[in-house]
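Engineer: Below are the sequence and a predicted model for it; my questions follow.
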Amino acid sequence: MSLQPSGYEFTLLLSFDFDSESAEVWKGSDPVAISRGRYGARVGIWRVLELLDKYGLRVTFFVPGWVAENYPRIIADITNRGHEIAGHGYMHERFDELPPGEELRVIELMERYIQNAVGSRPLGFRAPYWRFSPRTLSILASRGYVYDSSLMDSDDPYTIRLDDNIIVELPVDWRLDDWPLLEIERLTPREVLGMWFEEIEYAHKRKGYLSLTFHPQCIGRGARIKVLEEVIKEALRRKAWIPRAIDVARKLYS
Ligand SMILES: [Zn+2]
């Protein structure tokens, strides 16, 4: 089944993990490392939002509760522009390292601060560092989440049954994420674009689905923002449907 409405030739989930400095604060990093994260809220997010507005795109931002708590006006601004806010932990914790009781507390804190900033609970979740405990999916499904976006066992979205609940999985992959490529592997923007243009071409050819993940503190830094614009232009040239994650999930959820 094709996800995209008629008139479109493939689906591109263009999503943003707006972590800002939450992970560095949680880890107790030094002030310079914290400042590097804070670039996301000070500069990167605005470059990203401006670009999305330029192309009339409405997408999904995965946000730690701590970021919603500390930058509520930015979160409200993102929402007012028509984007979706989904959950991404409270302080960008590693869920695979949290004790069982703590995991639920973290999810509740995440929901509380997103609700305070947006006015409603998140319907979707993405695990920080894409790391889960064996309990995470069941907790999400029992709390009414429509989708998760953390697993890596498919190119295309699918549904998971958990007892009486269904949750949609919007799968991801490390090589389709700006962070490891630009911040860890230190590839050049041109190398990253080369890889991603091939993925866009392949997704277009099979009329399928592609998920690309960006971080405002990474892709919004200096001239790297041009990578995002080139991706958007190439995807639109190939008639991509670029929806919010909830729009994709609703197509599969019943
Ligand atoms: Zn993150």
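Structural biologist: All right, it came through fine.

Engineer: Quote the end-to-end distance of stretch 165-180.
Structural biologist: Across stretch 165-180, the straight-line distance between its terminal residues is 33 Å, by CA to CA, to the nearest Å.

Engineer: Same check on stretch 49-61?
Structural biologist: Looking at stretch 49-61, the gap from its leading to its trailing residue is 11 Å under the measure CA to CA.

Engineer: Show residues contacting that stretch.
Structural biologist: 13-18, 77-78, 81-86, 124, 225, 228-229, 232, 236, 242-246 (CB atoms under 8 Å, 6 or more residues apart in numbering). Just so you know, the C-beta spots here come from the backbone N, C-alpha and C atoms, and that holds for glycine as well.

Engineer: can you check stretch 224-236 too?
Structural biologist: The contact list for stretch 224-236, computed with CB under 8 Å, 6+ apart, reads 12, 14, 47-48, 51, 55, 57, 178, 182, 189, 192-193, 196-197, 200, 212, 214, 218-219, 242.

Engineer: Now that stretch: average pLDDT?
Structural biologist: Stretch 224-236 shows a mean pLDDT of 97.

Engineer: Distance from the chain centre to it, please.
Structural biologist: Mean C-alpha position of stretch 224-236 versus that of the full chain (CA atoms, centre = their mean, to the nearest Å) differs by 17 Å.

Engineer: And it, what's buried?
Structural biologist: Of the residues in stretch 224-236, Arg224, Ile225, Val227, Leu228, Glu230, Val231, Ile232, Glu234, Ala235 count as buried by neighbour count, 16 or more other CB atoms under 10 Å.

Engineer: Below-threshold pLDDT in this protein: ranges please.
Structural biologist: Screening the chain residue by residue with the criterion pLDDT under 70, one finds the ranges 1, 254.

Engineer: what comes up buried for the longest helix along it?
Structural biologist: Ordering each helix of the chain by length in residues (DSSP state H) puts helix 100-118 first. Counting neighbours by 16+ other CB under 10 Å, one finds that the buried residues in helix 100-118 are Glu103, Val106, Ile107, Leu109, Met110, Glu111, Tyr113, Ile114, Ala117, Val118.

Engineer: sorry, back to before: which among the contacts of stretch 224-236 count as buried?
Structural biologist: Of the members of those, the ones counted as buried by neighbours, 16+ other CB under 10 Å, are 12, 14, 47-48, 51, 57, 178, 182, 189, 192-193, 196, 200, 212, 214, 218-219, 242.
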